[in-house]
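J.: Here is a sequence with its predicted model. Questions after.
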Amino acid sequence: MKTILFMTPLTLCRKGYYNLNIKREDVHNTIYNDEEFSHYADKIENAFTAWCEKVDNGLRNIDVKTYIIGLSDQLINEYTDIQLVDKHDFYEVLLSYWQNVMAKEQIFKAFRNRN
């Protein structure tokens, strides 16, 4: 790929930048039409898809109340021995964030269940 995109021998047009061997507007198509890059992109996508398939059911069926209680307990424990920090302030930030995220999730679930 490097030899296709850049002039050989590699010459710097300015410090840290190589001279292109192709037109600037052709860079995107050259990369995305490259067999090696396509194979790599497929590998990345396949890995992500495999991960999604493995965790999808668990994430869809998470017991939210148990999960947030565990998260908050872990958070409070992390700050227990740190002076000049109110561990409950962090707990409040977590709860505020969680309520915001979960409110959006409930809207999403309601919409998804309609379809």
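T.: Okay, I see it. The structure displayed is predicted, hence computed values, not measured ones.
J.: contacts, neighbours, all on C-alpha from now
T.: Noted.
J.: quick one, what contacts residue 90?
T.: For residue 90, the set of contacting residues under the criterion of CA atoms under 8 Å, 6 or more residues apart in numbering consists of 75, 76.
J.: all numbers from here: first residue = 7
T.: Sounds good: first residue 7 from here, last item residue 96.
J.: roughly how far apart are it and residue 72?
T.: The spacing between residue 96 and residue 72, counted by CA to CA, to the nearest Å, is 18 Å.
J.: neighbours around residue 37, how many?
T.: Neighbourhood size, residue 37 [other CA atoms under 10 Å]: 15.
J.: which non-adjacent residue is nearest it?
T.: The spatially closest residue to residue 37, leaving aside those adjacent along the chain, is residue 43, at 6.7 Å (CA to CA, 6 or more residues apart in numbering).
J.: what number of residues lie near the one you found?
T.: Around residue 43 sit 14 other residues, with neighbours defined as other CA under 10 Å.
J.: Starting from residue 35, give me the distance back to it.
T.: Using CA to CA, one obtains 11 Å as the distance from residue 43 to residue 35.
J.: What of residue 23?
T.: Residue 23 sits at a distance of 20 Å from residue 35 (criterion: CA to CA).
J.: avg pLDDT for the helix or strand hosting the residue nearest to residue 37?
T.: Here residue 43 sits within helix 41-66, counting by DSSP states H and E. Averaged over helix 41-66, pLDDT sits at 84.
J.: and it, what does it pack onto?
T.: Other elements packing on helix 41-66 under the criterion 3 or more CA pairs under 8 Å, 6 or more residues apart in numbering; DSSP states H and E are absent; no helix or strand qualifies.
J.: which residues touch stretch 99-111?
T.: The contact list for stretch 99-111 (CA under 8 Å, 6+ apart) reads 74, 78.
J.: Now it: buried residues?
T.: Of all the residues in stretch 99-111, those buried under the rule 16 or more other CA atoms under 10 Å are 100, 101.
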